[in-house]
Structures are given as C-alpha cells and as structure tokens.
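> coords please:
(2 chains)
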Amino acid sequence: MKNTRNFCIIAHIDHGKSTLADRLLQSTNTISERDQKEQVLDSMDLERERGITIKSHAIQMEYHFEGQDYVLNLIDTPGHVDFSYEVSRSIAACEGALLIVDASQGIQAQTISNMYLAMNHDLEIIPVLNKIDMESAMPDEVEDQIIELIGCKREDVLRVSAKTGFGVDAVLEAIIHKIPAPKGDPNAPLQALIFDSVFNSFRGIIAYFRIMNGTLSKGDHVKFVATEKEYHADEIGVLRLKQFPKQTMSAGDVGYIISGIKSSKEVKVGDTITHVQNASTIAIDGFENVKPMVFAGIYPVDADDYEELRSSIEKLQLNDASLVFEPESSAALGFGFRCGFLGLLHMEIVQERLDREFDMDVITTVPNVQFKAYTTSGEMIEVHNPSGLPEQTKLDYIEEPYIISQIITKSEYLGNIMTLCIEKRGVMKNQVYLTSDRVEVTFEMPLSEIVFDFYDKLKSISRGYASFDYHIEGYQRANLVKLDILLNSEAVDALSTLIHRDNAYSFGRRMCEKLRELIPRQQFDIAIQASIGSKIIARETVKALRKDVTAKCYGGDISRKRKLLEKQKKGKKRMRQVGNVEIPQTAFLAVLKLD
Amino acid sequence: MFNRQFKFIVAGIYIHIPFCRQKCHYCNFFSLASQKNLSTFTDALLLEMAARKDYLSGETVKTIYLGGGTPSLLPVEDLKRIAEKIHQLFNVEENAEVTLEANPDDISPDYLQQLKATFVNRLSIGIQSFFADDLHYLNRVHDENQAQRAVKEAQDAGFEKLTIDLIYGIPTLTDEKWEKNLNYFFETGIQHLSAYALTVEPRTALAHLIGKGKLTAVDEFQSARQFEMLIQRMENEGFVHYEISNFAHPGHYSKHNSIYWLGGHYLGLGPSAHSYNGLSRQWNVSNLAQYIRQAGVEGSVDEIEILTKAQHYNEYVMTSLRTSWGCDLEHIENVFGKIMKAHCFNEASKFIAMQQLRTEGSRLFLTNKGKLYADGIAASLFFEENL
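Residues are numbered from 1 along each chain as shown, chains lettered A, B, ... in the order given. Next comes the predicted model:
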C-alpha cells in the first residue's frame, strides 16, 4: 500500500489534461507510442472530437523509481459542470490531484470549483503549468494566479509541456514524493467507493471502485449499500489498457468489479460496496442520488421510429445512469419521451449520441428545469413539463431551482457580465479580484435562466474569456406564469414555457417574431400569438403565400426545378402539423435562438 | 424508357446561340454580351453536331429551335450552314417546325427576307413589353417603337407562325399597362403568346440591383394579380392555356416546347444546352472558349444524369401538371406502377378538396386557382426515392 498513489487531474477543457495523461502512460510504458490513439483515455469518438472527457475512467500505471516499484492509479474526471457530482466522487477516491493550468489561458472558473472540491477532501495538490512551449504562454503571470489561489511556493509549480514531453518526469516524481500513500485498514470490514461504471454488452455493468478499507476477493458475496442489492464478485481486477483480473484486492487499491449486473440503475456513483457477511456498518460519506435538473421532450422525426427511439434511449441509459426518461405525448409532436438530464451539455451529448450511435433523427423540445408546484391542498408536485402544471385554480405557488454560479473573467468584461446576470434575475453574492485584471464574481440565479441562452451570451460578451461554473443551491418561490404559443388560435403544447412574469411580455414578443421567421409561408395567413391564460400578449402574422409557380420550365429547367422541389418535399415531410399549420422542426427550438 | 403522351417518340433539336448585344437584367441563361468568336462558334457547333449525331438514335427530328442568347445576331450564312449540316446528319421531317428567337432591334424587312430563304419557318419575338419604362427596367436593347414595328414587319414578310414573349410583374408595369400590352397583342392577331412572370434569379444583375436598392423589388401580389388577369383575358379571347406560361389557339401550340413538357427527346447543341433522350439528361459546358475547344474533340458534355424511376415520375408530375393535357393517373399506373399511382392520387386528394386540382377521367388538372401554386402542389405529389 505504501507504494500506491491514487490521483486525479483537475483541468479546464483544452488545458491539456488528456495530453498529459497520455504522456504519463507513455513515460511509464503503460502504452507504447505506436498503439496509442490520440488521447487514450477519451474512448468515445464524441469525447475525442470535443476534446473533453465525458465519463470518467481509471487506469493503472507501474513505475520504477529510485529503486522501488510504484503503482500509480490515475482516476480521470469529467470536465463539465453537469457532472460535478461524479467529479466529487472521483476526487474522494484519491489522495492527490494534478492541477493543470494552461499557461496562456490562466485559471478558469471550473478549475477553481473542482480544486476547492479536492482541497475539501484533503487532497495534495500538485500545480502544473502546462503548454509553456506556446508563444502566447505567460508562465509568470499564471504562476502568480496559482500561488495566490492555493498558497503554494513558487518552486512547487511544475512547468510542463505535455505536447513536447518537457517536464513530465518531474510530474511523476512529484506524484511519488508529494502525494501520500493511501491509508486504510486491509483487515477492517470492506468499504469500497464506486466512482464510475461502464456498460459492456457481454459482461453487463462494470463498476469502478476504490477500496477505502478491507479486502475484496474474487467470488465474495457483496452488497451495494444504497441500492441494497447483493451480488457475487464474479471477477475483480485492475484497469490497465485492458482489464487485468486479480484474486484479491485490498485497502488503497483501485479496480473494477463484474458481478452480472444488467441495469445501470443498480450501480450508483458514490455507493459503497461491502460484504454481506461482516458488513461495514458505515457507508462512505457523500453519496447522493443524482437527480436530473433539466428536462426536454425527445421525439422521433418520423413517428414510425417511436419504438426504435425507445430502445435507443434504453441502450444509452445502460452506460449513462443519470439519463432518465418516461413516455410522453404531445399534440404537436406525437409520441416521444420526456428526458431528464444533469444539465445542458449532458442533453447535447445525449442528442448527439442518439444521432451518431443510433442514427436516430429526433426533435428536441425546449428544455426546462424541474419546478415544484404546491397545490392549495398542500400537495407538492414535481413538474417536468409546462403542461404538467396543476390547474390555475388548484395552484397555490411554484418554486424553481436556484444556482450559485461562479464566473471568472478579465475585469474589462465585468460590466457586461453583471448586466447579463442581472437581466437573468441574478443577485450578486460576492466579487473577488484574483489578480489585478482577473475577477471572480458569484451570482445567485434561477437555473431556468441559464437553461436558455446564458452560456452562449456569456461567451460572446466576454469574447470567449469568461469561464462559468455552478452548483444547485435549492428551491425558491417564484412568480412564474405559463406562456402558450398559439398558431391560428391552436395552442402548440411543445412550445409552452414557464417563465417569470416580468419577462413574459418581452419573451412572448420575441418568440412570436422568431417563429414568424421560422415558419414558412403557406397558402393562408398564419397568426402567431403568445398568451398567458386567455390573455394574448403578442402577435405576429406569416402572410399567405400568394403565388408559388415557376415561370419557365424548358430543357434544363426541368431537372433543376425537380431537384429543388424534391428538396422541398423532403423538408415538408419532416414538418409537424398543428391544426392546418405546418411547422418545421427548427421552430420547436425557436426559444433557444432568440436574439 | 418512360415515354409519355406521344404514341411514338417525338424528337427535336435545340441550338443555343450564346451571344447578345447586352445582357438583360433578369437573364440567367448562358450568353455573352460580345460577338467575338461568332464564326468560330458556328464551326464548333457543326463539329458538335457530327460528334453527337447518334444521341437521338435516328429518331425523326420534328422540331428545331434556335434559342439564346440572341439567335437573330447569327449571320444568315451561318444559319444556312447549320441547316445544311442538320439535314445531312439527322432524319429531319419534311415540314419540321423551325423556330428562331429574334429580338425586335434585329428585325428589318431585309433581314426577314433573308430569313425566309432559310429553313426558319417560325419566329419568336422577344417583345416583353410595349412600354419604354418597362423595357428600361429590364435593360432590353429595343424600344417601344421597335417592338410595335417588329411584329408588323414579321407579319408583312409572310411569317405565319409567330409568337411573342411578354413579361408581367415588372414593378413599372401597372395593371392598366398590362391590360394594354395584352390588348396590343390581341390587335396583332398573333395566335401564340408566351407570358412570363418576372423572376428574380440568383446571381443575376436584377438580383444584385434589387439587393442594392437600385431597382424596385418585384411584388408577389402584383405578379399573382397580373397572372390572374392574363388567364382571364386569354380565356376570353379563346386561347388555350396549354402550359403555365403559354397560350395558343388550337393548332398553334409550340411543337418544340411541347416536347419538353410531354417527355419527348431532344438534343441540345451549343454551350450550356441541355439534352434528354429518355434515359439520360446531359448538360453542355457553360463556357464558350471551352466549348469551342472541346466540341469536336473530347465533346461538349459537362454532366450526365441518369434518372431513377422516382425521378422520372417526379418530372412527369411536375411538367404534366403545368399543361392542358394534365397528369394522367392511368399513365402513371402503366409506366410507374400501382403504388406510384395510389401515392399520387392520395397526395392529390387534399388539393382536390381545396379546389386547386380537379379530375377529368383519369387525369388531374390544375384549376385556375391551383395554377398559382403549381410548384408546391407538384412537390407534394412527388415520390421520395427511399420510400
């Protein structure tokens, strides 16, 4: 145990986490350069393309150093706010963390919040200044930021170029010298922390764990504390590039367990594995049932694909337990599913995976957060969909989720950012200058406000410089109204939103304007109206198409025109009908494209 | 392969003459506002003819059409060389319809006399409007006097088969002026009219000038209204609306253009010309220098498209619906099968209910109301490849 080091990497997207991880794997001969696909740890294509790690993984390295053999377990962490709970569990499995900061970009908001998480878990932080080979690198300045932030000594900051390999050996040395060996009692009752799981179509769900105390052997009868399910440890082992089975593993070890689990729901990140006999009475701290915060309807473009969509989402769920779904139907969109996501990125990833891995063409409705509606009889109803709101007469009040958000920016953009946050009903809680021109602001704001277009706006008003992180803070009472969109007097359920009363008018007006652009002209006028209850608050008209006929149709025109109309026909087939109005798919996401 | 209304195949030849005095603002055809290379062009054309003489597989050529560009810029001597070569290489029917597009400013009694001595027996005169401001908007070369005179001179020269082009929907063309243009047409006694809605095609001078605010934009409502006026007036005068933009007294239809609409075969010669022989569609290069260089050597064809069954069906629906012969469901069943027929009728039923289509026997026709929406209706009746 004394020669084991468990560590993770904390970094902002693109600051070089995966490249450095690859370098460590090379330096320890865990992989050769030849069979290395770029960034081994990011195994999903989507991850590689986006340059971000969506799901965490783990890998074991062996390193001979100063006459001794060491086992280094790198526990990779996802790099986005949506997955902060999973990050916290990965951190809980480690004794140390590499804090990677891009020497030209400086510290970002998300790095800071994850670093605080690591510090709260008493992890040893090894600061790494990466990309020092870049022309735009400002190593001294960024070093100042790091020292300011974690209070380390200047010589503690390692200067590295993961790209060229410069400084990588020093990183390995620091891991061994600075990160403490795991503690824990191999003879105590078993306590193993589950920090991740993956689905394998032959072997079922494979759970990744870190043993905090006790010893686990192949064939042991184990139980998962939170789910109260019992299994036999059919196979246990460590993770290198491939799974490497073991007979016995004990306190401090990181590995996997295969026990014939079929459903990802049975393996909860943060859960504790113990023995059925001689069970540990104490579960490892910090377990949470992760709840989705953002909901959206997902509908097949072609109604006939409903069953296929269901099986695709089910398959996705096998290795993404945080995705939840239930059938729903919409007058406008037909049959589909209400899906719950951890956040917006998670939603995007699910959409893209449906497209890439399952070739599913889907329409995604406007996302909304989970509201709590309280009825006059004192009942609380969780509302995932504006149409699920109780009748006005039975509704007492609504609560919506609030977040605490941290934004780090160059100070020159601070004014614009504050204006944006205040527009989004934010209340400033704190403001700290990290350096003379970098500032961290903390805002409390409703989650629903960032679900729409907050992040893109933040990026554009700060020229991409501001970084953003948030965590859910709780629920607060809100003055929300249900805004409906009517097309020729028929409500389009998929376009309804719950929105703060103060914003309803301008929102309704902009929705109508946007829809006017997106709905193609038809043979009759189309009235687009926004309403609250029976009150119409905005109106636009798509004027009737007066004429749709080509003048000339000779020789080459025939083929040209045919191709054009074939394209039109294809687009038409994908439209949805409400009353007599044909609505293109893009209209269902109109709300995301306001402004 | 999917031949249509004709009991036996009708074939024609189209010759594209890519020269103009100046480009009209709305024109998106391939033509050059220069007459350089005129004589080398004719040489190349004759070479192309020889190289592609087998495209029509020896079918009888019933029509020849010289379009442009401005075919009336072509010296009569060149016309004679073309005629000679065509008769040498192709099986041309004795009374074949031979149309030449002529601009009013090229027409003179002298020119017409020379033309009479060639194989040309039908003139299509590009009048567009009898008013100066409309002609100015369109950037036409001729003026209103030339427009009036050209028609008279063509009739005096003894051209019995005549047609003129008019354009409506020009922002300067008020409804009153449009009525007058139609009146002028009726007064001439000409038996055929092509009337086109002014269309702003992308990458034309017109699109550019409207975009820049230098010309008034075309108004869809005016265009629709004037189209309705046109249909009404032509009906009243006993003309058959035999294609969306074409009207004629019975017996005076353009045989050549009917080939396009009825699925006949045609060989297109000259740069950018387009050919169809029932199996493939082909496009010639849209570049004069390249055309001249290649016509006799590696060939003039730039692109070939082999049509699938669904594409054949779609073309049939799109073109036939525009005509007074209508879209024949029985024909669809015979040629494309029961499924396509059922699909077509099924899609059509909505438009029948909206009185934009009507049935007569086994045929579907656009109603006058439906004629305004011919494209959208055709698209709805289309068959998607992967169904």
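> residues contacting the closest residue to chain A within the stretch 151-300 of chain B?
Here the stretch 151-300 of chain B gets closest to chain A at one residue, B:H274, 3.5 Å apart by C-beta to the nearest C-beta. Bear in mind the C-beta positions are built from the backbone N, C-alpha and C, glycine included. By C-beta atoms under 8 Å, 6 or more residues apart in numbering or on different chains, the contact set of B:H274 is A:G555, A:G556, A:S559, B:Y14, B:G268, B:R281, B:Q282, B:W283, B:N284.
> Between the residues you listed, which sits nearest A:L480?
Closest to A:L480 out of the contacts of B:H274 is A:S559 (54.3 Å), distances taken as C-beta to C-beta.
> So the closest one sits against B:E305, correct?
Yes. Between A:S559 and B:E305 there is a contact under C-beta atoms under 8 Å: 6.5 Å.
> ok so, going back, specify the beta-bridge partners of the residue of the stretch 151-300 of chain B closest to chain A.
Beta bridges link B:H274 to B:W283, judged by DSSP bridges.
> That one and B:E101, how far apart?
B:H274 sits 16 Å away from B:E101, going by C-beta to C-beta, to the nearest Å.
> A:I132 now?
Taking C-beta to C-beta as the measure, A:I132 falls 73 Å from B:E101.
> ok so, going back, any chance of the contacts of B:H274 in TSV, with neighbour count, distance to B:T188 and pLDDT too?
As requested, those are exported to TSV (neighbours: other C-beta atoms under 10 Å in any protein chain shown; distance: C-beta to C-beta, whole Å; pLDDT from 0 to 100):
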residue	neighbour count	distance to B:T188	pLDDT
A:G555	24	27	87
A:G556	21	31	84
A:S559	18	35	90
B:Y14	25	26	97
B:G268	28	30	96
B:R281	22	36	91
B:Q282	21	38	93
B:W283	21	36	94
B:N284	27	35	95
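> what sits against the closest residue to A:K262 other than its chain neighbours?
Nearest non-adjacent residue to A:K262, counting by C-beta to C-beta, 6 or more residues apart in numbering or on different chains: A:G204, 5.4 Å away. Contact partners of A:G204, counting by C-beta under 8 Å, 6+ apart, are A:I258, A:S259, A:G260, A:I261, A:K262.
> Could you do A:R5 as well?
Per C-beta under 8 Å, 6+ apart, neighbours of A:R5: A:Y70, A:V71, A:L72, A:N73, A:E95, A:G96, A:I175, A:I176, A:I179, A:A181.
> List just the nearest of these to B:I259.
Scanning those for proximity to B:I259, where the rule is C-beta to C-beta, the winner is A:N73, at 78.1 Å.
> tell me which element that closest one is part of?
strand A:68-75 (DSSP states H and E).
> again, but for A:I194
Using DSSP H and E, A:I194 falls in strand A:191-200.
> Could you identify the helix or strand that succeeds that strand?
Taking DSSP H and E, what comes next after strand A:191-200 is strand A:204-213.
> residues making contact with stretch A:502-512?
A:479, A:481, A:483, A:485, A:495, A:497, A:499, A:528-532, A:537-540, A:590-591, A:594-595.
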